[in-house]
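J.: Got a predicted structure here, sequence first:
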Amino acid sequence: MKNKFYTYIQELQDTICSKLESVDGVAKFKEDLWKRPEGGGGRTRVIENGAVFEKGGVNISAVHGALPKSMQTYFGVEDVDFFACGLSLVIHPKSPMVPTVHANWRYFEMYDKKGDVVDQWFGGGQDLTPYYLFNEDAEHFHKVCKKTCDKHNPEFYAQYKSKCDSYFWNAHRNEARGVGGLFFDYCKATENMQMEDWFSFVTDVGNSFLEAYVPIVERRKGLPYTQKHQDWQEIRRGRYVEFNLVHDKGTLFGLRTNGRIESILMSLPPQVQWRYDHHPEKGSEEERLLKVLVKPINWV
């Protein structure tokens, strides 16, 4: 399964990068191959200073070795080895009218000292972070998510949409990071879903990403904007940074397993503002966004 999934994410990385380069029309992804001293490595691809995308990364990795003590405590296990692979992407568009997007699809195995698999699971999801809220964009993103989930289980969308709203919650700000999408983790074999079934589900979600995001980019990338809009984008990017550094499990896992810092922190946007006690004007589009972020709504 680990070889099958790693082959899949290699191909998906090629597909997504090619399409995003086509949408941008100017910038190309720079590839960076790296190795982890303890075992494994990855293929980082970053796009910067494009016509559409200010900064973005589409990264894959496959790492293995002894599970560090800090992560043993986190998972509630003793001395085990692990294998983890996945694709992680974050795209920060230049225009504040185009939302930031994040996605991740991953597979994890743990082994005893004999080398036998003692646990395995899939995880992942995709979520949208707009700076200016266009309802039809959020609806489109969620409709694609729901359509993909419904192929596998009619209960998946509501379940994983709810988990996404809970997970991407900036607790110290008491607001959502964005308008959500899907989040699933610890997807293990059961009577109803074997690992092959989970593989099919996770890869379907991965394959749906471009359908969910690219039409939104195409719709919004040409809209005019002012410095005021850009300032708001950079203030909201600050909240994005706060979530990734304070709450995000993937970031913490990478840092605790001696992951590659440049690849882990590629999710951070290039231009950010933190203004003291900033509040948007009453009745503004900026305030409308915040009202939705304080209380997530059902888009489908």
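T.: Okay, I see it.

J.: What distance do you get for the residue lying closest to Glu31 once chain neighbours are set aside to Val63?
T.: Once flanking residues are discounted, Glu31 sits nearest to Arg45: 5.2 Å by CB to CB, 6 or more residues apart in numbering. Heads up, the C-betas are built off the backbone N, CA and C, glycines and all. Plainly put, Arg45 is 17 Å away from Val63 if you go by CB to CB, to the nearest Å.

J.: ok, the residue nearest to Gln271 when sequence neighbours are not counted - contacts?
T.: Of all residues beyond its chain neighbours, the one nearest Gln271 is Glu234 (5.4 Å), with distances taken as CB to CB, 6+ apart. For Glu234, the contact set (CB atoms under 8 Å, 6 or more residues apart in numbering) comprises Pro269, Gln271, Val272, Gln273.

J.: Which positions within the helix or strand bottoming out on mean pLDDT in the chain qualify as buried?
T.: When each helix and strand of the chain is scored by mean pLDDT, DSSP states H and E, helix 69-75 comes last, with a mean of 73. Buried positions in helix 69-75, judged by neighbour count with 16 or more other CB atoms under 10 Å: Met71, Gln72.

J.: which helices and strands does that helix pack with?
T.: helix 249-256 (3 or more CB pairs under 8 Å, 6 or more residues apart in numbering; DSSP states H and E).

J.: Identify each buried residue in the helix it packs on, please.
T.: Gly250, Thr251, Leu252, Phe253, Gly254.

J.: picking up where we left off before, burial count for the residue nearest to Glu31?
T.: Per other CB atoms under 10 Å, the neighbour tally for Arg45 reads 23.

J.: For Val63, which three-state class applies?
T.: strand (DSSP: H, G, I helix; E, B strand; the rest coil).

J.: Can you tell me the closest non-neighbouring residue to it?
T.: Of all residues not flanking Val63 in the chain, Gly40 sits nearest, at 3.6 Å (CB to CB, 6+ apart).

J.: Next, the contact list for that neighbour, please.
T.: Here Gly40 is in contact with Ser61, Ala62, Val63, His64, Gly65, Phe83 (CB under 8 Å, 6+ apart).

J.: And the pLDDT at it?
T.: Note on Gly40: pLDDT of 94.

J.: Ile16 too?
T.: So Ile16 comes in at 98 (pLDDT).

J.: Look up the pLDDT of the closest residue to it other than its chain neighbours for me, please.
T.: Leaving aside its sequence neighbours, Ile16 sits nearest to Val58 (CB to CB, 6+ apart; 5.4 Å). On the pLDDT scale, Val58 is placed at 98.

J.: Hmm, Asp14 and Val58 touching each other?
T.: No. In this structure, Val58 is not within contact of Asp14 by CB atoms under 8 Å, at 9.4 Å.

J.: Those two: who's more crowded?
T.: Legend: neighbour count by other CB under 10 Å for Val58 and Asp14, higher for Val58 (24 against 14).

J.: Give me the secondary structure label for the more buried one.
T.: strand.

J.: sorry, back to before: chain center to the least confident helix or strand of the chain: distance?
T.: 23 Å (CA atoms, centre = their mean, to the nearest Å).

J.: Using PDB, write out the CA atom coordinates for that helix.
T.: Below are the C-alpha coordinates for helix 69-75, written out as PDB (Å, rounded to 0.1, in the frame of the first residue of the first chain):
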ATOM      1  CA  LYS A  69      10.000  10.000  21.800                       C
ATOM      2  CA  SER A  70       7.800  13.100  21.500                       C
ATOM      3  CA  MET A  71       5.600  11.400  18.900                       C
ATOM      4  CA  GLN A  72       5.500   8.100  20.800                       C
ATOM      5  CA  THR A  73       3.800  10.000  23.600                       C
ATOM      6  CA  TYR A  74       1.500  11.700  21.100                       C
ATOM      7  CA  PHE A  75       0.400   8.400  19.600                       C
END
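
J.: which residues are in contact with it?
T.: Leu67, Glu78, Asp79, Val80, Phe82, Met110, Phe253, Arg256, Thr257.

J.: Now restrict those residues to buried residues only.
T.: Buried among the contacts of helix 69-75 (16+ other CB under 10 Å): Leu67, Val80, Phe82, Met110, Phe253, Thr257.
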